[in-house]
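J.: sequence first, predicted model second:
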4 protein chains.
Amino acid sequence: MGATTATLLISCSDQPGLVAKFANFIYEKGGNIIHADQHTDFAAGLFLTRIEWQLDGFRLSRELIASAFDEIAQPLKATWQIHFSDTARRIAIWVSRQDHCLLDLIWRQRAGELAAEIGLIISNHDNLRPIAEQFNIDYHYIPITNENKLEQEAKQLELLRKYNIDLVVLAKYMQIISGDFITKFSQVINIHHSFLPAFVGANPYHQAYKRGVKIIGATAHYVTKDLDQGPIIEQEVVRVSHRDEAVDLIRKGKDLERVVLARAVRLHLQNRVLIYGDRTVVFD
Amino acid sequence: MGATTATLLISCSDQPGLVAKFANFIYEKGGNIIHADQHTDFAAGLFLTRIEWQLDGFRLSRELIASAFDEIAQPLKATWQIHFSDTARRIAIWVSRQDHCLLDLIWRQRAGELAAEIGLIISNHDNLRPIAEQFNIDYHYIPITNENKLEQEAKQLELLRKYNIDLVVLAKYMQIISGDFITKFSQVINIHHSFLPAFVGANPYHQAYKRGVKIIGATAHYVTKDLDQGPIIEQEVVRVSHRDEAVDLIRKGKDLERVVLARAVRLHLQNRVLIYGDRTVVFD
Amino acid sequence: MGATTATLLISCSDQPGLVAKFANFIYEKGGNIIHADQHTDFAAGLFLTRIEWQLDGFRLSRELIASAFDEIAQPLKATWQIHFSDTARRIAIWVSRQDHCLLDLIWRQRAGELAAEIGLIISNHDNLRPIAEQFNIDYHYIPITNENKLEQEAKQLELLRKYNIDLVVLAKYMQIISGDFITKFSQVINIHHSFLPAFVGANPYHQAYKRGVKIIGATAHYVTKDLDQGPIIEQEVVRVSHRDEAVDLIRKGKDLERVVLARAVRLHLQNRVLIYGDRTVVFD
Amino acid sequence: MGATTATLLISCSDQPGLVAKFANFIYEKGGNIIHADQHTDFAAGLFLTRIEWQLDGFRLSRELIASAFDEIAQPLKATWQIHFSDTARRIAIWVSRQDHCLLDLIWRQRAGELAAEIGLIISNHDNLRPIAEQFNIDYHYIPITNENKLEQEAKQLELLRKYNIDLVVLAKYMQIISGDFITKFSQVINIHHSFLPAFVGANPYHQAYKRGVKIIGATAHYVTKDLDQGPIIEQEVVRVSHRDEAVDLIRKGKDLERVVLARAVRLHLQNRVLIYGDRTVVFD
């Protein structure tokens, strides 16, 4: 199983014969499918699939797979991506003052749980720089104000290009990303510290405390132009009681945030998440 | 433990000596405390406690306890209630067309899980009457329209008086209760088919499906004048995925609704819930 | 989606081309696959799949599908089953004295959650007969002793044949089924009132109380010759504390048992469970 | 709430007047109780309580509280402990090769979640020394073999004395502690990587994989002479499926182990855990 694999993620209008077509494409060239999953959204008339096969013995060099598959995909008007398991994605972690998600992601990457390289850390504060230094990761301090946001985002985009970044992980980055930024760089995962859509916006734990809920949650989602409205990848919850003050909700929430964000990033890196509309399909 | 017990629920401003005062009141008269729980909300400066003791050997007849305790409570400006474990509360179950919560409550009452008598069933539809007949419970069909709501609520209130009802359980009663009704009869528990405050209002499962959440919930709360804003007693959740269509969320939600409503009613009947502000303390 | 579907469940040695072969079989005859899921156990070298397609427009009458598919399956030495969504399975529910799982299954079947007919109820006690009568289901009282077990099992097998039963659901049937019985009738699902493999055998809640666990569970599994060792279909848990006495564990456990057994039976009836070795694959 | 508090943990035979006696002791000296919780085990005839009060304004210096309280406790034959919130406990973390629990505990201690000082790290391997150095914690490498176990335990005990350690945390220390050690130093918390009592002993994740369970767990417990039989403090679970191989169970389990061990250590440090028999009362 350590062998290199290719993974196709495909979306197209539902129609008979799709599974056969895609499976034949791989089988005819000697590929062995090791995972295949599909979902049909009948209301939307949409077919989504993830197919992973071993490249060992596949009679098409990896440079040629895309153009070969495009001959199948074009007539179906399918949108698709291909990924190879030996090509590590490069991620940028964005933080503010809190370190728990950052440390957790670094630890998991070091432990082999995240198939990615951490290219750089960006923060609107300077206080987590020692962690970056300790783990030998470049740290860029880019303070944000209402006035300088757009020009600072230009700097951030420049850094993403320079560092060849595939994915931005907002690991408790307490700033709103502009719609313009998302248009230019769309692969952004955020951790929101509530069980969305409950408690959108600022201070969700204080909102939750005030409302007297008996369970709190955390939500990892792709970032879109609409605040906290992007497609949800993963959520998790924990029970609380009247004995928990707002500070306890924050403490318990940190454990949720770490694990939910890590799960979402891992699922994304394993090419298990397909977005359609405001929703995701997660082939876990 | 089958012996009769008395339970005091007390709220007052926090101050030194409260635990000693209340415990002494019971001990001096020969009572044995079998459960005592307390909570201090430091922000609100509020002390809340639940004390349960055995009446066997208590040197004060139960008719005199209230006035005796009032001598302690008055100087503290405490609000309090007393309940005796051998006095079964009488509940009215209100339903619309769905039967799952109704059947569940009846089954639990029959199984001895709910220390209450089911006095009557009220519905704005006639279709669940056969269940009432099967279990020999009075069933009142009171259809509601926008025009007749207030006069029908008058009939409902009259029935609650006639049947000597202590608690109304809205077991999927898909009507909004007027603020006027709540002013006249405040002991009303509702099951809301979402993880409040997410998906307030109508069709929460369809809202949840559309939003693409990965977890759904149900919430039992006391009814107040503000729709779905009352103090929360209990919540529970279940995981869902892209494979679950709206109809699956509804099916999974029904299991949540049954168990959450039953837990909330049981906690209320055991005098374990204290309301303060928009919140509850649940001494479970 | 209400249209009739066929579902193939297939297990065979892993080898290249399986997905293509099975998909082509359906596609060539005009079938539209609406669900396909697969699993490869690399350690065991085993491929397992579930394929569901619409019969509408399929150019092979359902009587001929089996023999046609066998031509593909034979060379692969595959084991397989086929099911049609409009053929309701017939189940027998076996109980002892407790009614909660029985009532729950009946409600769900009435509510359309279980695509099956309840053919009969068998019990080693007579006390749940009124429930059977109320819902118009045949009830057979077959008391079991150490001495008469084998001859009573012969009667039970005779009833299963007579009532044309496909699946036996042990809904808190507190008797051990003999290995001989299982050899003759293998489709048996049991609910065990613990989080297996913790607390095998009798009185698991008392064992759990004594051990002081903080979480209890319930397990639905296929019955095999070895007590409580059969392949697990579904498990669920609930948190408990020192405040819960054994009687509370039993009460909380009943809620688990109902929901876990119902989920397992539903998964089985939807042909989502494949057994291999001591394990299951659940394509949910 | 930041003010210094004292906490009494008391166990004695159940009898009338206990709550009043203990509350009066504190009230008479001007103490304000901010948390009080109690539990009665009726089967065992045992009363257990935790009382926390503010030292500010208490008319008894902290050196005299113990002897004063003993006058109440002696006639009741109560066993009790007293703790002061401004006295940080000192813990030793014992590890083998895995770092996730160690890192997690260090982070939490640094983040203020654990009111303790980490005095030293002891390991039977040398590979985690860099972590100790990075955080400036003394690291002692004490390799264990079947032959040298008892003499090495003598060294460990000597270190616990030298470093003035109150609590040993076995953070994936994959060695069995001898009964003799426990007799000499009893405050030891272990994280077991299964949902005890399922999968006692070695390789629980491989056992769980083989058994095909649908949920896995982790258990934090006090260590006693009997392997994996000590009083359970906390447990947590996570859902798994046939798609999870043994390596995935291990990965998911690591998240459980971190959070369960941290919760247990925090509860212990907050004096919320009382042991009686093989069980715990956790006043959370």
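T.: Here it is on my side, so go on.
J.: which stretches of the stretch 151-284 of chain A form helices?
T.: Using DSSP state H, counting those that start in this stretch, the helices of the stretch 151-284 of chain A run over A:179-184, A:204-211, A:246-269.
J.: so which of the ones you listed is the most packed in?
T.: Among those, helix A:246-269 has the highest mean neighbour count (mean count of other Cβ atoms under 10 Å in any protein chain shown), at a mean of 22. Backbone N, C-alpha and C define where each C-beta goes, glycine included.
J.: for that one, name the packing helices and strands.
T.: helix A:100-110, strand A:167-170, strand A:188-192, helix A:204-211, strand A:215-222, strand A:232-239, helix D:246-269 (3 or more Cβ pairs under 8 Å, 6 or more residues apart in numbering or on different chains; DSSP states H and E).
J.: elements contacting the shortest one?
T.: Judged by 3+ Cβ pairs under 8 Å, 6+ apart, strand A:167-170 is in contact with strand A:89-95, strand A:188-192, helix A:246-269.
J.: again, 7 Å this time
T.: Contact here means 3 or more Cβ pairs under 7 Å, 6 or more residues apart in numbering or on different chains; DSSP states H and E; on that basis strand A:167-170 packs against strand A:89-95, strand A:188-192.
J.: so the last one, near chain B or not?
T.: The reference is to strand A:188-192. No. Judged by Cβ under 7 Å from any Cβ of the partner chain, strand A:188-192 stays clear of chain B, getting no closer than 12.3 Å.
J.: right, so of the helices and strands packed on strand A:167-170, which gets closest to B:Y276?
T.: strand A:188-192 (29.2 Å; Cβ to Cβ).
J.: got the contact list for that closest one?
T.: A:101, A:167-172, A:177, A:182, A:218-223, A:228, A:233, A:257, A:260-261, A:264-265, A:268 (Cβ atoms under 7 Å, 6 or more residues apart in numbering or on different chains).
J.: near chain D, which residues of chain A show up?
T.: A:103, A:107, A:113, A:134, A:251, A:255, A:259.
J.: any idea which of these is closest to chain C?
T.: A:D255 (16.0 Å; Cβ to the nearest Cβ).
J.: what residues are up against that closest one?
T.: D:V259.
J.: switch to 10 Å and redo it
T.: Going by Cβ atoms under 10 Å, 6 or more residues apart in numbering or on different chains, A:D255 touches A:100, A:104, A:218, A:236, A:238, D:104, D:108, D:113, D:255, D:258-259, D:262-263.
J.: check A:D228 too.
T.: By Cβ under 10 Å, 6+ apart, A:D228 lies in contact with A:176, A:190, A:192, A:194, A:196-197, A:199-201, A:204, A:219, A:221.
J.: quick one: buried ones out of those?
T.: Buried members of those, counted by 16 or more other Cβ atoms under 10 Å in any protein chain shown: A:190, A:192, A:194, A:196-197, A:199-200, A:204, A:219, A:221.
J.: now these as JSON lines including pLDDT?
T.: JSON lines is the format used below for the buried ones among the contacts of A:D228 (pLDDT from 0 to 100):
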{"residue": "A:N190", "pLDDT": "97"}
{"residue": "A:H192", "pLDDT": "94"}
{"residue": "A:S194", "pLDDT": "89"}
{"residue": "A:L196", "pLDDT": "84"}
{"residue": "A:P197", "pLDDT": "87"}
{"residue": "A:F199", "pLDDT": "88"}
{"residue": "A:V200", "pLDDT": "85"}
{"residue": "A:P204", "pLDDT": "90"}
{"residue": "A:T219", "pLDDT": "96"}
{"residue": "A:H221", "pLDDT": "97"}
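J.: and which of those residues is nearest C:S96?
T.: Among those, and counting by Cβ to Cβ, the member closest to C:S96 is A:T219, at 44.6 Å.
J.: leaving out the residues flanking it, which one is nearest to the closest one?
T.: Nearest residue to A:T219 in three dimensions, chain neighbours excluded: A:L196, at 4.1 Å (Cβ to Cβ, 6 or more residues apart in numbering or on different chains).
J.: for A:I216, name its beta-bridge partners.
T.: For A:I216, the beta-bridge partners are A:V238 (DSSP bridges).
J.: ok, it touching A:Q235?
T.: No. Between A:I216 and A:Q235 there is no contact under Cβ atoms under 10 Å: 11.1 Å.
J.: shared neighbours, those two?
T.: Counting by Cβ under 10 Å, 6+ apart, the shared contacts of A:I216 and A:Q235 are A:194-195, A:256.
J.: so, low pLDDT: which residues of chain A?
T.: Scanning chain A for pLDDT under 70 picks out the ranges A:1-2.
J.: recalculate using a threshold of 90.
T.: A:1-3, A:16, A:42-43, A:146, A:194-203, A:226-229, A:277, A:284 (pLDDT under 90).
J.: show me it divided up by domain.
T.: A:5-84, A:89-282 (automatic domain parsing).
J.: quick check: residues of the stretch 101-250 of chain A near chain B?
T.: A:194-200, A:207-217, A:219-221, A:229-237, A:239-243, A:245-246 (Cβ under 10 Å from any Cβ of the partner chain).
J.: quick one: neighbours of the closest residue in space to A:Q270 that isn't next to it in sequence, just the number.
T.: Distances taken as Cβ to Cβ, 6+ apart place A:A115 nearest to A:Q270, at 7.2 Å, with adjacent residues excluded. A:A115 has 15 neighbouring residues, counting by other Cβ atoms under 10 Å in any protein chain shown.
J.: and what of A:G277?
T.: By other Cβ under 10 Å, neighbour count at A:G277 equals 11.
J.: what about the residue lying closest to it once chain neighbours are set aside, is that helix, strand or coil?
T.: Leaving aside its sequence neighbours, A:G277 sits nearest to A:A44 (Cβ to Cβ, 6+ apart; 7.3 Å). Secondary structure, DSSP: H, G, I helix; E, B strand; the rest coil: A:A44 is coil.
J.: right, and A:A44 touches A:V281 too?
T.: No. The pair A:A44 / A:V281 is not scored as a contact, 11.2 Å apart, by Cβ under 10 Å.
J.: and those two? Which one has more around it.
T.: Shown here are A:A44 and A:V281; by other Cβ under 10 Å, A:V281 has more neighbours (24 against 13).
J.: what sits opposite the more buried one in the beta ladder?
T.: A:L274.
J.: my guess is it contacts A:I232. True?
T.: No. Using Cβ under 10 Å, A:V281 makes no contact with A:I232, being 11.5 Å away.
J.: what about the residue of the stretch 101-250 of chain A found nearest chain B, how many residues nearby?
T.: Minimum separation of the stretch 101-250 of chain A from chain B (Cβ to the nearest Cβ) falls at A:G212, amounting to 3.4 Å. Neighbours of A:G212 under the rule other Cβ under 10 Å: 22.
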